[in-house]
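A.B. asks: Have a look at this prediction, sequence included:
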Amino acid sequence: MANINQGKHAVTMAQVSKWYDDFQVLRDITLTVDHGEKLVICGPSGSGKSTVVRLLAGLETHQEGTIKLYGQPVDAQGRGDVGMVFQQFNLFPHLSVLDNLILGPMRALGMPRQEARDRAMAYLERVRIPEQAGKRPGQLSGGQQQRVAIARSLCMDPKLMLFDEPTSALDPEMIAEVLDVMEDLARDGMTMICVTHEMGFARRVADRIAFMDAGEMVEVDPPEIAFSAPKSARFAQFLDKIL
Ligand code: ADP
Ligand code: MG
């Protein structure tokens with residue numbers, strides 16, 4: 001945590017463009033996210049939302065423009081500085097929940113086992129499933145597995161959390177329990193970028209809502225603007241469809 005520069009933007013994207021061969025997936029994206037801010041990204045399927053968060057997580061490269069996290073290039077981040085939660089939970093099926101959680105801190109941060117276990121149990125409490133520590137992921141519900149995935153990211157002590165449609169693979173009755181955990185995290189001050197179409201969550205939690213369409217970030221608004229007076233017809237039409 002020592003290299004957090006308070007006051008600096010958590011994320012700065014300036015005129016970022018990206019192509020897959022000759023297909024332009026991102027067009028001139030410019031975005032800043034403050035430390036502590038919660039940004040929700042929405043937009044139609046294929047608009048480039050996952051590509052944006054994958055770039056921020058260092059999982060993809062781009063061709064034009066600059067991306068900085070806390071003033072530094074993405075690849076200069078320490079391991080675990082950026083946490084990412086995917087639609088699929090990506091837990092190791094053959095390991096217990098607890099072992100899934102201690103693996104990163106022990107291997108990547110060199111943390112002693114007992115300290116890693118203590119930290120893991122603290123985060124399992126925080127996502128409200130400490131009693132599941134000894135089970136394998138396959139023995140848990142989807143909502144519980146996603147909460148384990150969130151706890152696993154938190155165990156690495158990230159300064160920025162990225163979520164890519166974390167509830168879209170879940171049965172409806174499990175969506176709320178995951179959103180509740182994300183809302184707790186937001187209230188504790190975590191800097192969060194969440195791709196989601198859960199607009200109730202966006203209304204409660206987001207400082208700003210970004211709308212993407214066809215590789216562009218069309219507009220970025222506070223929720224009160226987004227939900228009452230979106231500037232572009234494209235965003236208005238999109239909201240009409242999902243609300
Ligand atoms: P979203 O998350 O908004 O649905 P994505 O960022 O996943 O959109 O994808 C944006 C576009 O880029 C889509 O048209 C998708 O098919 C394309 N795309 C994504 N990944 C690749 C890839 N590895 N190679 C080629 N095209 C890709
Ligand atoms: Mg996506």
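C.D. replies: Perfect, thanks for sending it. Numbers count the residues shown, from 1 in each chain. Ligands and ions are numbered 1, 2, ... in the order given.
A.B. asks: C-alpha only now, for contacts and for neighbours.
C.D. replies: Will do.
A.B. asks: so how far is the helix or strand bottoming out on mean pLDDT in the chain off the chain centroid?
C.D. replies: For the chain, using mean pLDDT, DSSP states H and E, the weakest element among its helices and strands is strand 72-73, scoring a mean of 92. For strand 72-73, the distance from its own C-alpha centre to the chain's C-alpha centre is 19 Å (Cα atoms, centre = their mean, to the nearest Å).
A.B. asks: That strand pairs with which strands?
C.D. replies: strand 64-69 (antiparallel) (DSSP bridges).
A.B. asks: What separation is there between Ile209 and ligand 1?
C.D. replies: As judged by Cα to the nearest ligand atom, to the nearest Å, Ile209 and ligand 1 stand 14 Å apart.
A.B. asks: Same check on Gly80?
C.D. replies: 22 Å.
A.B. asks: just Pro230 next, same as before
C.D. replies: 19 Å.
A.B. asks: repeat for Gln72
C.D. replies: On the measure of Cα to the nearest ligand atom, Gln72 and ligand 1 end up 23 Å apart.
A.B. asks: How many residues are close by that residue?
C.D. replies: 13 (other Cα atoms under 10 Å).
A.B. asks: partners of it in the sheet?
C.D. replies: Going by DSSP bridges, Gln72 forms beta bridges with Leu69.
A.B. asks: The closest residue to Lys8 other than its chain neighbours: how many residues sit nearby?
C.D. replies: The shortest distance from Lys8 to any non-neighbouring residue, by Cα to Cα, 6 or more residues apart in numbering, is to Tyr70 (5.9 Å). Using other Cα under 10 Å, the number of residues around Tyr70 comes to 23.
A.B. asks: hmm, back to that, outside of the least confident helix or strand of the chain itself, list whatever touches it.
C.D. replies: With contacts defined as Cα atoms under 8 Å, 6 or more residues apart in numbering, strand 72-73 is touched by Ile67.
A.B. asks: After that strand, which helix or strand is next?
C.D. replies: Sequence-wise, the next helix or strand downstream of strand 72-73 (DSSP states H and E) is strand 82-85.
A.B. asks: before we move on, what SS does Lys241 have?
C.D. replies: Here Lys241 is helix, with the state taken from DSSP: H, G, I helix; E, B strand; the rest coil.
A.B. asks: mind checking how far it is from Arg234?
C.D. replies: 11 Å (Cα to Cα, to the nearest Å).
A.B. asks: Could I get the pLDDT score of the nearest residue to Gln87 once chain neighbours are set aside?
C.D. replies: In space, and not counting its chain neighbours, Gln87 is closest to Pro166: 4.6 Å by Cα to Cα, 6+ apart. At Pro166, the model reports a pLDDT of 98.
A.B. asks: Same question for Pro44.
C.D. replies: 97.
A.B. asks: Can you classify it as helix, strand or coil?
C.D. replies: Strictly by three-state DSSP, Pro44 counts as coil.
A.B. asks: contacting residues around it?
C.D. replies: 212-213, 238.
A.B. asks: Check Leu154 too.
C.D. replies: So Leu154 contacts 83, 123 (Cα under 8 Å, 6+ apart).
A.B. asks: Quick check: it vs Val53, distance?
C.D. replies: Relative to Val53, and taking Cα to Cα, Leu154 is found at 17 Å.
A.B. asks: Please tell me how far the residue nearest to Lys8 sits from ligand 1.
C.D. replies: Distance, Tyr70 to ligand 1, by Cα to the nearest ligand atom: 23 Å.
A.B. asks: right, and that residue touches Ala10 too?
C.D. replies: Yes: contact status for Tyr70 versus Ala10: in contact at 4.6 Å, counting by Cα atoms under 8 Å.
A.B. asks: Give me the buried positions along the helix or strand that contains Arg204.
C.D. replies: Arg204 belongs to helix 199-205 when elements are defined using DSSP H and E. Using 16 or more other Cα atoms under 10 Å as the test for burial, helix 199-205 gives 199, 201-203, 205.
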